[in-house]
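Would you be able to build a 3D model of this:
(4 chains)
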Number of protein chains: 2
Amino acid sequence: MYTVKEVAKLLDLTEHTVRYYTDKGLVPSLQRDKNNNRLFDQQSMNWLRGAKHLKQSGMSVEAIKTYVDLCLEGESTIPQRYEILLEQRDKALAQLEEAKQRAEFMVNKVDHYRDIMNKVVPDNMNPGNWSKNEIQDKAPLS
Amino acid sequence: MYTVKEVAKLLDLTEHTVRYYTDKGLVPSLQRDKNNNRLFDQQSMNWLRGAKHLKQSGMSVEAIKTYVDLCLEGESTIPQRYEILLEQRDKALAQLEEAKQRAEFMVNKVDHYRDIMNKVVPDNMNPGNWSKNEIQDKAPLS
DNA sequence: CTACTACCTTCGAGCAACACGAAGTCAAGG
DNA sequence: CCTTGACTTCGTGTTGCTCGAAGGTAGTAG
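Below is the predicted model of the structure:
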């Protein structure tokens, strides 16, 4: 059994966010101790982890709540839940592609700055001269 | 030369966001036509693309503005800019890792739902039973 | 010339998802 | 007993859009 602080640390969320999600009903199995403190068992952790993944893949808190309610309704909602997950999966895959490009972009910029500071190339590093490919990147305008 | 609508499409931003960023000074090279319409040349596109990448890697609009101002100040701010980019690069790399895990998670869930609908396994798919590894995933609690 | 369409503009309000701080409760330690 | 610290609720603040109103301009069709 975990406290708010512990789950926040384990799942890499702030305590504020953990409370916010539980208040919004995203963790239906949440329990309380005799002092009304939130208490997370493994199942509650799983709801919360699922909520985090769904949120980060682009769902609103409200949409996640709807999804959770569908889960609680039983097996009859499985096709509906499947459709939702399918859409979120595709978003997650698209995000992964974007994250790759972003990481590559940032790595290139840092390398470029390092070169500048080593006097290898002149300063064409301000974003106005940033472009989408390295050919242009290495052909400074200014 | 591109209009707001065109850059929005090219960079995959909403028109609102493009106007918001330009209003916040993230595109110092922005020009206007005789009717006061925003007009983007290649340089302005690059500022905007840079702003988008920095934003998505976790910087606030205000922080990006600060960065842009540093760029405009000249070469003396290069070490400072390098530090900023270094931090953002690390965040981008961390995000990439998270995106990978999230995508894997979502793919597993979708596959799992497909199995359920094909009557391969019983329903243990509600998030309360979701767990971090597939061993547990395939050992339903309910 | 007018009317319609399709852009663009500014501005101000609204909104989601937290973030934060106040004010209070409770249990343990010195 | 009193402080420390972690928890609670509640209400306000912030960021980054998001939307819509209200209006200007340019092109085309009748």
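
Every contact and neighbour count from this point should use C-alpha atoms.
Will do.

and the gap between A:K65 and A:I116?
Plainly put, A:K65 is 50 Å away from A:I116 if you go by C-alpha to C-alpha, to the nearest Å.

should've said A:E75
According to C-alpha to C-alpha, A:E75 stands 60 Å off from A:I116.

so what's the backbone phi/psi at the most centrally placed residue in chain A?
With the centre of chain A defined as its mean C-alpha position, the nearest residue by C-alpha atoms, centre = their mean is A:Q56, 3.1 Å away. Summarising the backbone geometry of A:Q56 under the convention degrees, to the nearest 10, its torsions are phi -70, psi -20.

Equivalent analysis for A:R38, please.
For A:R38, the backbone dihedrals (degrees, to the nearest 10) come out as phi -60, psi 140.

what is it paired to in the beta sheet?
Judged by DSSP bridges, the bridge partners of A:R38 are A:R32.

That one against A:M1, yeah?
No - taking C-alpha atoms under 8 Å as the definition, A:R38 is not a contact partner of A:M1, at 9.8 Å.

So A:N35 belongs to a strand, correct?
No - under DSSP: H, G, I helix; E, B strand; the rest coil, A:N35 falls outside any strand and is assigned coil.

measure A:A99 to B:V61 for me?
A:A99 sits 19 Å away from B:V61, taking C-alpha to C-alpha as the criterion.

try A:N108
With the distance defined as C-alpha to C-alpha, A:N108 ends up 22 Å from B:V61.

Help me see whether the helix ranked longest in chain A makes contact with chain B, please.
Across chain A, the helix with the greatest residue count (assigned by DSSP state H) is helix A:78-117. Yes - contact between helix A:78-117 and chain B is present through A:78-79, A:82, A:85-86, A:88-89, A:92-93, A:95-96, A:99-100, A:102-103, A:105-107, A:109-110, A:113-114, A:117 (criterion: C-alpha under 8 Å from any C-alpha of the partner chain).

Check the burial of A:M117 by counting its neighbours.
Other residues near A:M117 number 16, with proximity taken as other C-alpha atoms under 10 Å in any protein chain shown.
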